[in-house]
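**Student:** With the input below, show me the fold.
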Amino acid sequence: MDVSFLTFALVLALAYANGTNDVSKAIATLVGSGVTTYRTAILWGTAWTIVGASVSALVAGAMVKTFSNGLIRPGTTLQPTVALAIVTGAMLWVLLASRTGLPVSTTHALTGAIVGTGVAALSGEGLVWPAIGSKIALPLLLSPLLALAVSLLVHPAVRLLSARWEGACLCVMPDARALVAIDAHGSTRTLFQGTSLGQPVIAVPSHCDRTGLQGLVIGLDTIHWVSSGLASFARGTNDAPKIVAMLLLGSATATWPSTPFQLSAFGAVALAMGFGSYFGGLRVTEVLAEKVTRMNHAEGLTANLTTSSLVLTSGWLGLPVSTTHVSSSAIIGIGLLKGVTAVRWATVRDMVLAWIVTLPASALLSALAYSLFITLFL
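**Tutor:** Model prediction:
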């Protein structure tokens, strides 16, 4: 089998595995806080993931450069089997974690796979260890703490907003130009007064319902849906470039053979992430939605706002943070606001252990895969 074709197929398999595990990070709060059902939430997250992954082709050059040649010493000659082993090791670990319902980081898995294969193929001498530490390890270590802190700081404002704001409804005035409410004692009160026929008005949704008006309602539900979509979009822009970069691994310039090839690669990875999200994303979503802590509407919104803002910012800066670590830490932070006993620590323990094991596990799997591919292709 042609090595290039096999590499591309395994990259798509890694993208599928990423979808099965990572779609949950942006949509679990929708389900956990009772906004919608699992299937609807997964469909919503899948759509925005595909959009974000596709757009990343235009904005994620720094991320592609970091993962394709920023961790390998210049001038190092890499055999085609190196990329095969890295992708295989990361893909196998993420699929295994998804199967068992554990939220893990594809970024973490790729890092471990690069290190494991680098040690097996180059005795570790071809790796740029300072770059691995500063560009990958440090952001991965700091992002959970930052997410925890942001969720603790943001939630009081979100809780206050949810308690005081009823939302807004954009309606169109009827021909009478005014709507009047009459109470049980016969007293009247003008609710809306228009200056022209058909004038749009913005009012509290309960007032619109009381007077029979219908229109576009914007409330906390709307903001929650938008924040979830943004988080899914952000994770698509953050994860797709790391996966696509495996096609350029070891390249001296990290440049594409042609623009159509670049767009085709990103498009194929985006679709593979979407398939994985839709068909395999339920298990991990159930864990984050139900088995870490109970969430109400405001708490779920806080966790999503934290995730979307941090992942979008890091993606814009070219920092490979883990959506898994950010989202999970934000949800844990929400639980801590209600007290230590509100968090299901057995689930958190399993999640943290999975985070810790990801690096050595993916490194070992990739090293074994490298030995296998060397045997097959030599």
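**Student:** Val154 against Leu305, yeah?
**Tutor:** Yes: with contact defined as C-beta atoms under 8 Å, Val154 reaches Leu305; the gap is 6.1 Å. To be clear about C-beta, it is placed using only N, CA and C from the backbone, and glycine gets the same treatment.
**Student:** Settle it for me: which of these two has more neighbours?
**Tutor:** Leu305 (25 against 19; other C-beta atoms under 10 Å).
**Student:** Name all residues that make contact with the more buried one.
**Tutor:** Residues near Leu305 by C-beta atoms under 8 Å, 6 or more residues apart in numbering: Val154, Val158, Ser227.
**Student:** Please name the residues that touch Ala53.
**Tutor:** Gly236, Thr237, Asp239, Ala240, Phe266, Val269, Ala270, Met273, Gly274.
**Student:** same thing but at 10 Å, please
**Tutor:** Neighbour list for Ala53: 15, 18-19, 60, 232-233, 235-241, 243-244, 266-274 [criterion: C-beta atoms under 10 Å, 6 or more residues apart in numbering].
**Student:** Can you mark which positions in the longest helix seen in the chain are buried?
**Tutor:** The single longest helix within the chain, with elements called by DSSP state H, is helix 345-377. Residues of helix 345-377 classed as buried by neighbour count (16 or more other C-beta atoms under 10 Å): 347-348, 350-351, 354-355, 357-359, 361-370, 373-374.
**Student:** can you check stretch 301-313 too?
**Tutor:** For stretch 301-313, the neighbour count (16+ other C-beta under 10 Å) marks Leu301, Thr302, Ala303, Asn304, Leu305, Thr306, Thr307, Ser308, Ser309, Leu310, Val311, Leu312 as buried.
**Student:** Then stretch 27-45?
**Tutor:** Under 16+ other C-beta under 10 Å, the buried positions of stretch 27-45 are 27-33, 35-36, 38, 41-45.
**Student:** Report the buried members of the contacts of Ala53.
**Tutor:** 15, 18-19, 60, 232-233, 235-241, 243-244, 266, 268-274.
**Student:** Among those residues, which ones are in helices?
**Tutor:** Among the buried ones among the contacts of Ala53, the members falling in helices (DSSP H) are 15, 18-19, 232-233, 235-241, 243-244, 266, 268-274.
**Student:** on that earlier part again, among the buried residues of stretch 301-313, which one sits closest to Thr259?
**Tutor:** If you rank the buried residues of stretch 301-313 by distance to Thr259 using C-beta to C-beta, Leu312 comes first, at 25.4 Å.
**Student:** thought that closest one was touching Gly229?
**Tutor:** No: with contact defined as C-beta atoms under 10 Å, Leu312 does not count as touching Gly229 (11.6 Å).
**Student:** Touching both of these two, which residues are there?
**Tutor:** Contacts common to Leu312 and Gly229, judged by C-beta under 10 Å, 6+ apart, are Gly52.
**Student:** quick one, what contacts Met90?
**Tutor:** Met isn't right for residue 90; it's Ala. By C-beta under 10 Å, 6+ apart, the residues touching Ala90 are 10, 13-14, 17-18, 106-114, 116-117, 242-243, 246, 358, 362-363, 365-366, 369.
**Student:** what do you get if the cut-off is 7 Å, keeping everything else the same?
**Tutor:** Ala90 makes contact with Leu14, Thr106, Ala109, Leu110, Ala113, Ser362, Ser366, according to C-beta atoms under 7 Å, 6 or more residues apart in numbering.
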